[in-house]
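Visitor: Next input, structure requested:
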Amino acid sequence: MQQLRHRIDPFAVWIAAALLGVLALSATAVYQTTRPAVLGFLWPNVLGPIVARGSNSECVVLTDGRVTVPSGECVAPAGAVAAGPDLTVLGAGMLALVLGFFVVGALLLLETLDARETREFFYAVVPFMALTGVLLAIGQGASRLPNGPLDLLPFPFNLGLVTSVVYLSAVTLTVLVIALGVFLERHDRVPSFHQFAASVGAAGLAVALLLGVVLALTTEVGRLTVGSMAGMAVVLVLTTVLAVVVWAGLARAMPDVVTGIGAMGLVVFWAFLLNGVATVVALDWAGVFGIESVGFTPNFVGQIVVALTAALLPSGLGTAWPYLLVQLGIGIVVASSFEESEVTTTTPALLLLTAVVAFGLVTGVQVLVAMTFGL
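Guide: Reported below is the predicted structural model:
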């Protein structure tokens with residue numbers, strides 16, 4: 001078995017399986033004779049419930065590639081397929097298998113990288129974290145359209161804006177792009193896989209932001225103004241200044257907190273401080289920038305902090321500012337919990353750090369974009 005493992009690269013096998021899966025789905029979509037049968041299975045179990053949730057509908061019907069929302073009973077006419085908003089057990093199991101497949105791919109990908117390259121893997125993933133946050137904010141706004149994301153993008157592209165799909169598609173895209181970057185680097189097609197992946201992530205982020213602008217300017221659910229753009233700039237500048245100050249201050253006063261994780265700790269602080277600063281501005285200072293209504297509700301921790309602040313402290317400074325301190329504390333705990341030598345040599349430690357940072361950065365970007373575009 002060990003000799004077989006040396007002869008067959010597991011990651012190459014995973015890439016081949018992923019490509020075969022994509023080709024199989026593409027082939028079944030091309031032929032009219034097989035597409036109805038395939039969609040007749042996928043629509044009621046997986047795709048239909050996702051679309052129904054994204055469009056706030058009790059029923060969605062697919063007819064010849066066109067999605068409609070019936071006003072009466074959830075009954076599909078001849079040649080069409082109907083679905084409700086709840087995933088079936090089979091559909092949930094299929095999504096879990098797909099997500100597990102790509103998690104395995106991420107693990108195999110990290111095993112193919114040298115220890116010196118895992119730090120670059122961490123940096124290459126950051127643009128995809130921001131992309132995820134932007135897509136969540138756009139999906140949040142699009143869900144308030146009469147037919148949800150269906151009114152913004154045609155099927156099946158609108159599936160990428162449904163919240164339950166955003167995380168799965170983000171993991172999928174990240175793993176595939178980095179895998180492609182590693183392949184191209186090792187065949188001398190690109191200088192480095194992390195530069196290639198970061199460039200693709202940045203391009204995707206730009207396209208998503210452009211879609212957010214379209215949603216804000218051409219529909220009734222958003223509002224983009226000079227004031228809201230100024231608010232975004234203030235949040236980004238303030239977050240960056242605070243991250244650098246905190247990093248430099250801890251490096252001088254408590255070096256053990258930051259020297260262990262190295263420069264990656266600066267990304268950690270920036271991610272969690274962005275979450276804190278954007279939340280404070282969205283809840284307490286949006287009016288300063290002429291933002292009438294953000295439609296933003298903080299997460300569970302933020303709701304507790306806001307409720308306690310409103311009950312125990314004067315409201316002159318608002319009710320959300322302690323949440324920034326909470327996020328700073330989380331950043332310090334995270335930065336002090338990882339050693340750079342451990343992260344760059346241990347796959348589970350690197351994945352755990354990446355997941356923790358993604359939690360802060362994705363939420364922060366989502367809040368920032370929702371506030372800026374009025375979503």
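Visitor: Quick one: list the elements packing against the helix or strand containing residue 236.
Guide: For residue 236, the enclosing helix or strand under DSSP states H and E is helix 226-253. When contacts are defined as 3 or more Cβ pairs under 8 Å, 6 or more residues apart in numbering; DSSP states H and E, helix 226-253 sits against helix 255-259, helix 264-280, helix 321-337, helix 347-373. Just so you know, the C-beta spots here come from the backbone N, C-alpha and C atoms, and that holds for glycine as well.
Visitor: Just the buried residues of the last one, please?
Guide: Of the residues in helix 347-373, those scored as buried under the neighbour-count criterion (16 or more other Cβ atoms under 10 Å) are 347, 349-351, 353-354, 356-373.
Visitor: what's the weakest-modelled helix or strand in this structure?
Guide: Of all helical and strand segments in the chain, the minimum by mean pLDDT, DSSP states H and E falls on helix 2-7, at a mean of 51.
Visitor: What's the local residue count around the residue lying closest to residue 69 once chain neighbours are set aside?
Guide: The shortest distance from residue 69 to any non-neighbouring residue, by Cβ to Cβ, 6 or more residues apart in numbering, is to residue 57 (4.7 Å). Counted by other Cβ atoms under 10 Å, the residues lying close to residue 57 total 23.
Visitor: What of residue 329?
Guide: Under the neighbour criterion other Cβ under 10 Å, residue 329 is assigned a count of 12.
Visitor: list the contacts for it?
Guide: Shown in contact with residue 329 (Cβ atoms under 8 Å, 6 or more residues apart in numbering): no residues.
Visitor: So it versus residue 262, what's the distance?
Guide: Separation of residue 329 from residue 262 (Cβ to Cβ, to the nearest Å): 21 Å.
Visitor: for residue 302, same thing?
Guide: Counting by Cβ to Cβ, the gap between residue 302 and residue 262 amounts to 30 Å.
Visitor: same deal with residue 139?
Guide: Distance check for residue 139 against residue 262: by Cβ to Cβ, it reads 35 Å.
Visitor: Among those two, which residue is more densely surrounded?
Guide: Neighbours per residue (other Cβ under 10 Å) separate residue 139 from residue 262, with residue 139 holding more: 24 against 16.
Visitor: Quick check: that one touching residue 166?
Guide: Yes: in this structure residue 139 lies within contact range of residue 166 using Cβ atoms under 8 Å: 6.2 Å.
Visitor: Please parse this structure into its domains.
Guide: Following the assignment in automatic domain parsing, the chain carries domains at 2-166, 223-373.
Visitor: got any ranges where the stretch 51-200 of the chain has weak pLDDT?
Guide: Counting by pLDDT under 70, the stretch 51-200 of the chain contains low-confidence residues at 54-56, 65, 110, 113-118, 147, 150, 155-156, 164.
Visitor: Could you do the stretch 201-350 of the chain as well?
Guide: Residues of the stretch 201-350 of the chain that meet the criterion pLDDT under 70 lie in 257, 259-260, 292-300, 315-317, 339-348.
Visitor: Now do the same contact list for the residue positioned nearest the centre of the chain.
Guide: Centroid check for the chain by Cα atoms, centre = their mean gives residue 132 as the closest residue, at 2.3 Å. Contacts of residue 132 were listed using Cβ under 8 Å, 6+ apart, and they are 166-167, 170, 358, 362, 365.
Visitor: Would you format those residues as JSON lines with distance to residue 208 included?
Guide: Below are those laid out as JSON lines (distance: Cβ to Cβ, whole Å):
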{"residue": "166", "distance to residue 208": "10"}
{"residue": "167", "distance to residue 208": "15"}
{"residue": "170", "distance to residue 208": "11"}
{"residue": "358", "distance to residue 208": "16"}
{"residue": "362", "distance to residue 208": "13"}
{"residue": "365", "distance to residue 208": "10"}
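Visitor: among these, which two are most distant?
Guide: Farthest apart among those by Cβ to Cβ are 167 and 365. That separation is 13.6 Å.
Visitor: List the buried residues for stretch 41-58?
Guide: The neighbour-count check on stretch 41-58 (16+ other Cβ under 10 Å) flags 42-55, 57 as buried.
Visitor: So which of the residues you listed are in helices?
Guide: Among the buried residues of stretch 41-58, the residues falling in helices (DSSP state H) are 42, 48-54.
Visitor: quick check, nearest of those to residue 213?
Guide: residue 54 (20.4 Å).
Visitor: quick revisit: minimum distance to residue 99: which of the helices and strands packed on helix 226-253 has it?
Guide: Judging the helices and strands packed on helix 226-253 by Cβ to Cβ, what sits closest to residue 99 is helix 347-373, at 13.1 Å.
Visitor: In the stretch 101-250 of the chain, mark out all the helices, start to finish.
Guide: Counting by DSSP state H, counting those that start in this stretch, the segments of the stretch 101-250 of the chain that form helices are 118-142, 163-186, 193-218, 226-253.
Visitor: Highest mean neighbour count out of the ones you listed?
Guide: When you average the neighbours per residue for each of these (mean count of other Cβ atoms under 10 Å), helix 118-142 leads with a mean of 23.
Visitor: how about residue 83, phi and psi?
Guide: Taking degrees, to the nearest 10, you get phi -160, psi 150 for the backbone angles of residue 83.
Visitor: pretty sure it is touching residue 60, no?
Guide: Yes: contact criterion Cβ under 8 Å: residue 83 and residue 60 qualify, at 5.9 Å.
Visitor: any shared contact partners between these two?
Guide: With Cβ under 8 Å, 6+ apart applied, the overlap between the contact sets of residue 83 and residue 60 consists of 48, 51-52.
Visitor: For residue 136, see how far away the closest residue to residue 202 other than its chain neighbours is.
Guide: Beyond its immediate neighbours in the sequence, the residue positioned closest to residue 202 (Cβ to Cβ, 6+ apart) is residue 127, lying 5.0 Å away. Distance from residue 127 to residue 136, counting by Cβ to Cβ: 15 Å.
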